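[1] using only what follows, build the 3D model:
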Amino acid sequence: MSLSKLRNIGIAAHIDAGKTTVTERILFYTGTTRKLGETHEGDATMDFMKQEQERGITIASAAISCFWNDSQINIIDTPGHVDFTVEVERSLRVIDGMVALFCAVGGVEPQSETVWHQADRYKVPRIAFINKMDRTGADFAEAVKMMNEYLDANAVPFQIPMGKEEDFLGVIDVIDQKAYTFTDTERKEIAIPEEYKQQAKDARNYLIEKLSDFDDYIMESFLEEKEVENDYLKEVARQATLKLMITPVFTGAAYKNKGVQLLLDAVVDYLPSPLDIGATVATDIDDSEKTITRNPTVNDPFAALAFKLINDPFVGQQTFIRIYSGRLENGMQVYNSTKGKTERIGRIFRIHAKDRHEVKEAGPGDIVALIGMKVTKTGDTLCEKANPVHLENIHIPPAVIELQIQPKTRKDQGKLGEALAKLSNEDPSFNAHYDDETEETVIAGMGELHLEIIVDRIKEEFGVEVEVGEPSVAYREALAMETEESFKYAKQSGGKGQFANVTIIFEPNEGNGFEFVDRIKGGVVPNEYIPSVEKGIRKTMEQGILAGFPIENLKAILVDGSYHPVDSSDFAFQTCASICMKNAFRKVGTKLLEPVMQIEVNTPDEYIGDIVGNINRRRGRIDAMRRFRKGSQKLTGFVPLSGMFGYASQLRNISSGRANYSMEFSEYLPVSDSIQEEILKKLQEKKENKK
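    Below is the predicted model of the structure:
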């Protein structure tokens with residue numbers, strides 16, 4: 001099949017906008033499935049994890065291939081809940097185009113905005129589908145207006161609905177000026193009903209006016225009131241969509257099987273193939289400033305990105321990759337440039353949700369799963385050893401909430417460790433560590449639901465019964481102010497000694513993570529020991545200094561030092577750098593940082609005062625209020641995570657269950673001295689109680 005006929009797309013939206021239902025209908029109409037699965041009945045093809053079926057939500061993004069109008073469409077169905085935002089993030093990194101789904105009743109909801117801005121980050125062309133036109137309160141025009149107002153989407157209706165709510169009949173194609181009604185299995189073209197003719201004509205004129213901004217011929221025709229050919233309009237619309245200048249809007253009611261076939265037409269007509277996306281820009285593995293391109297052709301050297309790992313009970317670990325260039329074959333040796341190691345390709349599969357179809361080879365644009373990868377993790381680049389490159393990694397937000405966990409019986413300790421290792425391999429936003437001081441295993445993730453699902457999976461998939469403690473905040477530590485520190489490490493114990501001497505300037509590095517700068521002159525610290533100094537600092541950052549929390553945002557500049565030709569070693573310089581850093585932090589002080597969440601609350605007008613007061617009591621601040629829809633407001637602001645435990649039930653009580661909220665990690669910020677003292681005191685008490 002020609003690469004121009006391939007579409008790699010994601011379907012993304014706010015929770016409960018109908019993503020999985022739309023995908024199930026796509027699979028049915030493309031002949032991939034013979035039965036319509038329903039999320040609320042727990043039998044959706046794409047939601048095959050037990051936790052997804054029980055909750056009726058999508059947790060793990062699932063990849064699937066189907067065919068429509070001689071084109072292959074690879075679909076990645078993604079979660080809508082903010083706790084699983086990393087799933088959306090890694091899907092957006094590897095897809096070429098996106099269907100952004102909106103509920104006709106809710107319009108642009110909090111997670112819709114998050115997903116939209118994630119797609120902006122990766123410059124993903126998109127079309128929109130306004131779903132649930134059959135629901136009470138559906139308002140197509142209001143949803144389009146919200147897209148323009150809140151997302152700056154330049155949304156242009158390519159379809160308009162005929163009727164709404166229980167009177168929703170079908171849709172009108174604005175370019176072709178044709179009307180369609182739908183049965184369970186087919187669409188039927190009808191003449192545009194008289195009462196919609198003027199609306200359809202106005203919509204076409206509006207679309208032409210919008211496209212005239214991007215094309216001189218359409219502009220001239222529009223000004224001279226000449227007709228423009230439909231095919232020409234579609235081609236200009238396609239180019240404007242690919243350049244992110246407009247967002248074509250389609251509509252329907254997936255649950256009632258209305259509009260999905262036309263959405264499939266739109267995916268083929270307006271979303272990009274790998275050829276439209278063109279060359280992928282990678283970087284040289286030795287010089288991150290030097291860029292290298294990889295074209296979507298089998299003639300270019302092989303390059304692919306691993307974007308997801310799944311532990312399958314039947315075949316073991318599946319590593320999902322997106323191939324950008326070259327050809328991949330069974331038994332081939334590939335180079336993991338991220339890890340600096342070679343991997344042998346075992347088996348290659350195309351995925352149909354939980355089913356697999358083995359293939360012998362794959363090429364540019366393909367999304368496939370590999371079995372038997374040993375070292376490859378999410379975000380790693382696979383390439384040819386003779387032509388190594390680094391592809392842009394995947395943005396992984398930090399884990400902000402922690403939970404103590406332990407097996408009910410001591411004999412399950414090993415099984416628990418194995419389960420946690422597999423789960424953290426799969427999900428880079430989840431991690432686990434053992435706290436030697438409290439003798440507890442601590443798991444950390446993106447939110448309460450995220451960890452709840454993890455605990456469920458430990459019990460169900462790995463058969464380990466566990467007990468969990470109360471959730472707690474994952475704090476961080478930071479340097480209070482800039483300082484310069486020197487330390488000499490010298491030990492003599494009969495045989496070969498240990499010697500290292502360093503002078504390091506430590507600076508706060510807000511918002512830029514960790515940076516290590518080598519300013520050694522004249523070889524006073526040999527090149528072979530420079531990485532040892534960095535390694536010693538990195539290890540100390542992981543362990544923390546004040547209260548055992550990882551250290552954030554630090555710049556370390558190695559400016560001077562000395563060595564001994566016999567006694568100096570990697571270990572000596574690591575130890576020396578670590579002690580030097582601890583001394584520096586103790587000298588100028590360590591700040592405690594707390595995760596601050598961006599919160600959005602949708603509420604009827606009458607509860608605004610109580611909700612704002614409640615957020616203020618949680619040390620939060622409201623940034624903006626705006627009209628959400630008639631009688632409702634959307635509040636946005638920032639609240640420390642420590643103040644958000646139990647918020648869901650309190651919000652329900654305040655608003656009689658009518659308000660809803662979502663939150664996501666924003667940044668780590670310093671706490672006040674009094675709160676820092678309080679936190680440290682509680683941690684100390686907890687340690688003493690454990691003894």
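[2] tell me if residue 142 really is in a strand.
    No. If the criterion is DSSP: H, G, I helix; E, B strand; the rest coil, then residue 142 is helix and not within a strand.
[3] from residue 205, how far off is it?
    According to Cβ to Cβ, to the nearest Å, residue 142 and residue 205 sit 21 Å apart. Where you see a C-beta, it was placed from the backbone N, CA and C, and this is true even at glycine.
[4] the more surrounded of the two?
    More crowded of residue 142 and residue 205, by other Cβ atoms under 10 Å: residue 142, with 17 against 13.
[5] with adjacent residues omitted, what lies nearest to that one?
    Counting by Cβ to Cβ, 6 or more residues apart in numbering, residue 142 lies nearest to residue 107, which is 6.0 Å off, once chain neighbours are set aside.
[6] do residue 483 as well
    Nearest non-adjacent residue to residue 483, counting by Cβ to Cβ, 6+ apart: residue 588, 4.6 Å away.
[7] dump the residue contacts of residue 108.
    102, 143, 146-147, 149-151 (Cβ atoms under 8 Å, 6 or more residues apart in numbering).
[8] repeat that with 10 Å
    Applying Cβ atoms under 10 Å, 6 or more residues apart in numbering to residue 108 gives the contacts 14, 100, 102, 116, 142-151, 153, 628, 634.
[9] narrow these to those in helices?
    Those of the contacts of residue 108 mapping onto helices are 116, 142-151, per DSSP state H.
[10] got a list of what residue 153 touches?
    Counting by Cβ under 10 Å, 6+ apart, residue 153 has contacts 100, 108, 116, 126, 128, 144, 146-147, 244, 246-247, 249.
[11] again, only using 6 Å
    147, 247 (Cβ atoms under 6 Å, 6 or more residues apart in numbering).
[12] can you check residue 596 too?
    The contact partners of residue 596, by Cβ under 6 Å, 6+ apart, come to 638, 640, 666-667, 669.
[13] show me where the stretch 251-400 of the chain has helices.
    In the stretch 251-400 of the chain, the helices defined using DSSP state H, counting those that start in this stretch lie at 260-270, 274-277.
[14] make JSON lines out of those helices and add mean pLDDT and distance to residue 659.
    Below are those laid out as JSON lines (pLDDT from 0 to 100; distance: least, Cβ to Cβ, whole Å):
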{"stretch": "helix 260-270", "mean pLDDT": "95", "distance to residue 659": "32"}
{"stretch": "helix 274-277", "mean pLDDT": "93", "distance to residue 659": "41"}
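[15] now the ones you listed in JSON lines, with mean neighbour count and distance to residue 136?
    Output for the helices of the stretch 251-400 of the chain, formatted as JSON lines (neighbours: other Cβ atoms under 10 Å; distance: least, Cβ to Cβ, whole Å):
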{"stretch": "helix 260-270", "mean neighbour count": "21", "distance to residue 136": "21"}
{"stretch": "helix 274-277", "mean neighbour count": "20", "distance to residue 136": "40"}
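[16] a markdown table please, covering those and showing distance to residue 69.
    As requested, the helices of the stretch 251-400 of the chain are exported to a markdown table (distance: least, Cβ to Cβ, whole Å):
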| stretch | distance to residue 69 |
| --- | --- |
| helix 260-270 | 5 |
| helix 274-277 | 17 |
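[17] which of these sits closest to residue 688?
    helix 274-277 (58.0 Å; Cβ to Cβ).
[18] hmm, who's touching the closest one?
    Contacts for helix 274-277 (Cβ under 6 Å, 6+ apart): 3-4, 96, 242, 296, 364-365.
[19] and the residues you listed, which two are the farthest apart?
    Top of the distance list for the contacts of helix 274-277 (Cβ to Cβ): 242 and 364, 17.8 Å.
[20] these two: which is more packed in?
    A direct count of neighbours by other Cβ under 10 Å for residue 242 and residue 364 places residue 364 higher, at 26 against 17.
[21] residues contacting the closest residue in space to the more buried one that isn't next to it in sequence?
    The shortest distance from residue 364 to any non-neighbouring residue, by Cβ to Cβ, 6+ apart, is to residue 296 (4.0 Å). By Cβ under 6 Å, 6+ apart, the residues touching residue 296 are 274, 364-365.
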